[in-house]
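[1] Provide a 3D model corresponding to the input given below.
(2 chains)
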Amino acid sequence: DAMVIQNPRYQVTQFGKPVTLSCSQTLNHNVMYWYQQKSSQAPKLLFHYYDKDFNNEADTPDNFQSRRPNTSFCFLDIRSPGLGDAAMYLCATSTSKTGGVSPLHFGNGTRLTVT
Amino acid sequence: RKEVEQDPGPFNVPEGATVAFNCTYSNSASQSFFWYRQDCRKEPKLLMSVYSSGNEDGRFTAQLNRASQYISLLIRDSKLSDSATYLCVVKGYGGSQGNLIFGKGTKLSVKP
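    Coordinates of the predicted model:
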């Protein structure tokens, strides 16, 4: 089945130690997103790729970076994780269409713990 | 006014009950609307898109009211398995694919 896969499901890192989360998709969608979701809050968009074009949200900290080496893969790099970065990180994909957007397809998320 | 607002609940209903959630949005030019379901500590999953004419999928009915700027979700004959948080998602105006705005979600708890 076509899907969005995130690895790892659970990630524990130390304060200040760089960490990379990965996302792959077999849907061949041209748009990929990274969201951060904290407990009882809505998912918060960090950035998205429209094809190769990177779009950063204005309030995304510089501590968060992303790479999309090809259509199928996208990475989230947290350069110096702080305790406040502990959250669920969700990767999602969609296809662009005129006048709107297709529904988002989410990966199963990576739950990040910072010790 | 927040861009997308939902009653956080929780809505506690007995099995078999009918329950309705509303979601209001502030941008009258919003283009696409969705309801997602999210189970505890899991990823959101698409429940249904919301079309202008309203649409139904089994026990679930979604409506869009552009004049009053809200969408609704009706669940009939609630099941225990419907217990989850229901997220409203609105695509804002403009070409940016990133302009998807999530509500905080409405928590539903269906009791035996």
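[2] confidence-wise, which helix or strand of the chain is lowest on average?
    Since you didn't name a chain, this refers to chain A. strand A:100-101 (a mean of 66; mean pLDDT, DSSP states H and E).
[3] my bad, chain B
    For chain B, counting by mean pLDDT, DSSP H and E, strand B:100-102 ranks last in confidence among helices and strands (a mean of 87).
[4] beyond that one, next helix or strand please.
    With elements assigned by DSSP states H and E, the helix or strand that comes after strand B:100-102 is strand B:106-111.
[5] OK, contacts around residue 37?
    In the absence of a named chain, this looks at chain A. A:43-44, A:87-90, A:109 (C-beta atoms under 8 Å, 6 or more residues apart in numbering or on different chains). (Glycine included, C-beta is placed from N, CA and C.)
[6] meant chain B, my bad for not saying
    By C-beta under 8 Å, 6+ apart, the contact set of B:R37 is B:44-45, B:47, B:84-87.
[7] strands paired with the helix or strand harbouring it, and their directions?
    Using DSSP H and E, B:R37 sits in strand B:32-38. Paired with strand B:32-38 in the same sheet, following DSSP bridges, are strand B:44-49 (antiparallel), strand B:84-91 (antiparallel).
[8] just how off-centre is it within its chain?
    Relative to its parent chain, strand B:32-38 has a centroid offset of 5 Å by C-alpha atoms, centre = their mean, to the nearest Å.
[9] list the buried ones in it?
    For strand B:32-38, the neighbour count (16 or more other C-beta atoms under 10 Å in any protein chain shown) marks B:32-38 as buried.
[10] which one of these is nearest chain A?
    B:S32 (4.0 Å; C-beta to the nearest C-beta).
[11] coming back round to it: now rank the contacts of B:R37 by neighbours and give me the top one.
    Counting neighbours by other C-beta atoms under 10 Å in any protein chain shown, B:P44 leads the contacts of B:R37 with 28 neighbours.
[12] contacting residues around that one?
    A:43, A:90, A:104, A:106, B:36-38, B:87.
[13] which members of these are the farthest-apart pair?
    The span of the contacts of B:P44, defined through C-beta to C-beta, is set by A:L90 and B:R37 at 14.2 Å.
[14] need the contact list for B:N65.
    B:N65 sits next to B:71-72 when contact means C-beta under 8 Å, 6+ apart.
[15] how far away is it from chain A?
    Separation of B:N65 from chain A (C-beta to the nearest C-beta, to the nearest Å): 18 Å.
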